[in-house]
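Chemist: Please find the sequence and the predicted model below.
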Amino acid sequence: MDRYAVLGHPITHSLSPQIHALFARQTNQTLQYEGIELPLTSFETRVWQLFKDGYSGFNVTAPFKGDAFDFVDEMTDRAKRSRSINTLKKLGDGRIFGDTTDGIGLLADIHDHLGWALEHQNILLLGAGGAVRGVLEPLLAANPASLVVANRTLQKVEELADDFPALSPSTFADLSGQFDLVINGTSASLSGQVPPLPEGLINAGTKCYDMMYGKAPTSFLRWSSANGAAACADGLGMLVAQAAESFYIWRGVRPQVEPVIDALRKALAD
């Protein structure tokens with residue numbers, strides 16, 4: 001039986017084993033998938049050993065996506081530009097292939113699942129870490145009217161702008177104007193916080209999206225609703241959609257995401 005796993009630190013919170021079990025059942029694939037917590041050091045040594053132990057591929061989550069980028073023998077162009085890899089696959093000749101599916105997952109959830117427009121929209125993306133870098137290329141390819149990327153400090157955003165010159169860098173404090181779509185790519189919601197945003201960024205037509213998710217609306221989504229956002233969504237759909245792309249890379253079969261999102265929502269509510 002082919003074996004796969006998600007690698008992270010910590011990993012106990014991960015829904016990936018449930019997601020891939022549902023994908024396998026839906027597509028009649030026989031496989032094993034588990035979560036493996038790695039120590040914060042020795043990523044390369046540990047992953048090589050896991051491949052030698054017979055694993056066929058891995059998902060990679062925080063804080064190892066940069067380590068995975070340095071680890072692979074071959075990668076897609078989108079992974080190269082994002083400098084981040086969340087999917088590893090052992091090829092027939094023994095080389096390791098890497099890709100990033102985070103951006104695909106975000107766009108699939110926002111555009112295909114939620115039905116929100118991206119083209120010709122004024123978009124604000126919060127944060128400047130790996131989660132944000134990984135979604136910049138597909139967001140820009142969606143042809144927004146503007147894409148402003150804001151962070152607490154400007155230096156990190158300017159570094160992103162060096163690689164993606166079509167974006168407009170800003171600090172949180174210097175933000176002004178209003179936006180059609182605001183995406184939170186920071187991890188603030190994990191600690192119940194909200195980025196320090198000025199008032200007036202949201203109007204009655206603004207949609208707000210948090211890449212984080214939970215049983216209840218995240219702190220960012222609660223803030224968005226309190227400020228009059230037209231619609232709010234968390235990142236559970238993004239998680240499932242990026243996992244579906246990883247599943248396709250490994251198995252050559254593309255699972256349906258909506259039934260899995262619905263099943264996870266029910267499980268989180270229980």
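Modeler: Alright, I've got the coordinates. Residues are numbered from 1 along each chain as shown.

Chemist: So which residues of the stretch 51-200 of the chain form strands?
Modeler: In the stretch 51-200 of the chain, the strands defined using DSSP state E, counting those that start in this stretch lie at 55-60, 74-75, 87-90, 96-99, 122-126, 146-151, 168-171, 181-184.

Chemist: Buried deepest among these, which one?
Modeler: strand 181-184 (a mean of 27; mean count of other Cβ atoms under 10 Å). All C-beta atoms are positioned from the backbone trio N, CA, C, and that covers glycine.

Chemist: related to what we said a few turns ago, would you list the strands of the stretch 51-200 of the chain in CSV and tack on distance to Leu136 and mean pLDDT?
Modeler: CSV is the format used below for the strands of the stretch 51-200 of the chain (distance: least, Cβ to Cβ, whole Å; pLDDT from 0 to 100):
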stretch, distance to Leu136, mean pLDDT
strand 55-60, 19, 97
strand 74-75, 17, 98
strand 87-90, 18, 98
strand 96-99, 16, 98
strand 122-126, 8, 98
strand 146-151, 8, 98
strand 168-171, 12, 98
strand 181-184, 11, 98
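
Chemist: mind putting the ones you listed in TSV, distance to Gly200 included?
Modeler: Output for those, formatted as TSV (distance: least, Cβ to Cβ, whole Å):
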stretch	distance to Gly200
strand 55-60	38
strand 74-75	41
strand 87-90	39
strand 96-99	39
strand 122-126	12
strand 146-151	14
strand 168-171	14
strand 181-184	12
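
Chemist: and Arg46, which of the ones you listed is closest to it?
Modeler: Closest approach to Arg46 among the strands of the stretch 51-200 of the chain is made by strand 55-60 (10.6 Å; Cβ to Cβ).

Chemist: gap between that closest one and the chain center?
Modeler: The chain centre lies 17 Å from the centre of strand 55-60; the measure is Cα atoms, centre = their mean, to the nearest Å.

Chemist: Quickly run through the sheet partners of it, with directions.
Modeler: Sheet pairing for strand 55-60, assigned by DSSP bridges, gives strand 2-8 (parallel), strand 87-90 (antiparallel).

Chemist: List the buried residues in the longest one.
Modeler: Counting neighbours by 16 or more other Cβ atoms under 10 Å, one finds that the buried residues in strand 2-8 are Tyr4, Ala5, Val6, Leu7, Gly8.

Chemist: ok, those residues vs Ser191, which is closest?
Modeler: Gly8 (17.7 Å).

Chemist: From what I see, that closest one and Asp67 are in contact.
Modeler: No: using Cβ atoms under 8 Å, Gly8 makes no contact with Asp67, being 11.1 Å away.
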